[in-house]
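> Here is a sequence together with a model predicted from it:
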Amino acid sequence: MTQFATIDTTPVYPLAAQPGAVEMLNVMIEAAARYPGLVVQRGTTWDGGLAEADHLTGVITISPAANRAETRCALLACLLHLVQGATDDEEADQRAVREQVARILAPRSVLPADLDDVDVDALAGQMGVDLRTARLSIELARSAR
């Protein structure tokens, strides 16, 4: 008897309700236009990190250890890196992209009014983002007060 792997296709919550779904799709379309051979794959990154984007080949590699929320955030970050290109300041590039990911996937408009009493784990779960993105979104919202 042949056995097939089961893939969990259950959305974190309905696509239309996911913050940033349309923006993420637009970034994907732009990246695909710039990299006609765009590939997204699971695999080990050269530095053992969560994900990487190769600006020369248009290949995005995401660690098989990444959970669904981490994959969503990492994929958007890699797509943004491909679309925006790299500068000589990798640290600044990383910070700028992380902030964009937080603003797209966890925008201020969906955060609770009281930012001082937020359950970050629950917020991340509700929005389908990793803890790092949820924390950064709260940090950005607090600094904008």
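Cool, got the structure. Since the model is a prediction, treat every value here as computed from it, not as a measurement. Residues are numbered from 1 along each chain as shown.
> Check the gap between Leu123 and Leu111 for me.
Distance check for Leu123 against Leu111: by C-beta to C-beta, to the nearest Å, it reads 7 Å. Where C-beta positions appear, they are placed from N, C-alpha and C, glycine not excepted.
> Same check on Met127?
9 Å.
> contacting residues around Ala134?
For Ala134, the residues meeting the contact criterion (C-beta atoms under 8 Å, 6 or more residues apart in numbering) are Ala106, Val120, Leu123, Ala124, Met127.
> other SSEs contacting whichever strand or helix holds Cys73?
In this structure, Cys73 sits in helix 68-84 according to DSSP states H and E. For helix 68-84, the packing partners by 3 or more C-beta pairs under 8 Å, 6 or more residues apart in numbering; DSSP states H and E come out as helix 21-34, strand 51-54, strand 59-62, helix 90-105, helix 131-143.
> make it 10 Å
In terms of contact count using 3 or more C-beta pairs under 10 Å, 6 or more residues apart in numbering; DSSP states H and E, helix 68-84 is assigned the packing partners helix 21-34, strand 39-42, strand 51-54, strand 59-62, helix 90-105, helix 120-127, helix 131-143.
> ok and the first one relative to helix 68-84, angle-wise?
The one in question is helix 21-34. On the basis of axes from the mean of the first three to the mean of the last three C-alpha atoms, to 10 degrees, helix 21-34 is oriented at 50 degrees to helix 68-84.
> From here on, call the first residue 21.
Happy to do that; since the first residue is 21 now, the last one works out to helix 41-54.
> which residues touch the closest residue to Ala154 other than its chain neighbours?
In space, and not counting its chain neighbours, Ala154 is closest to Ala144: 3.8 Å by C-beta to C-beta, 6 or more residues apart in numbering. By C-beta atoms under 10 Å, 6 or more residues apart in numbering, Ala144 lies in contact with Ala89, Cys93, Ala126, Asp150, Leu151, Arg152, Thr153, Ala154, Arg155, Ser157.
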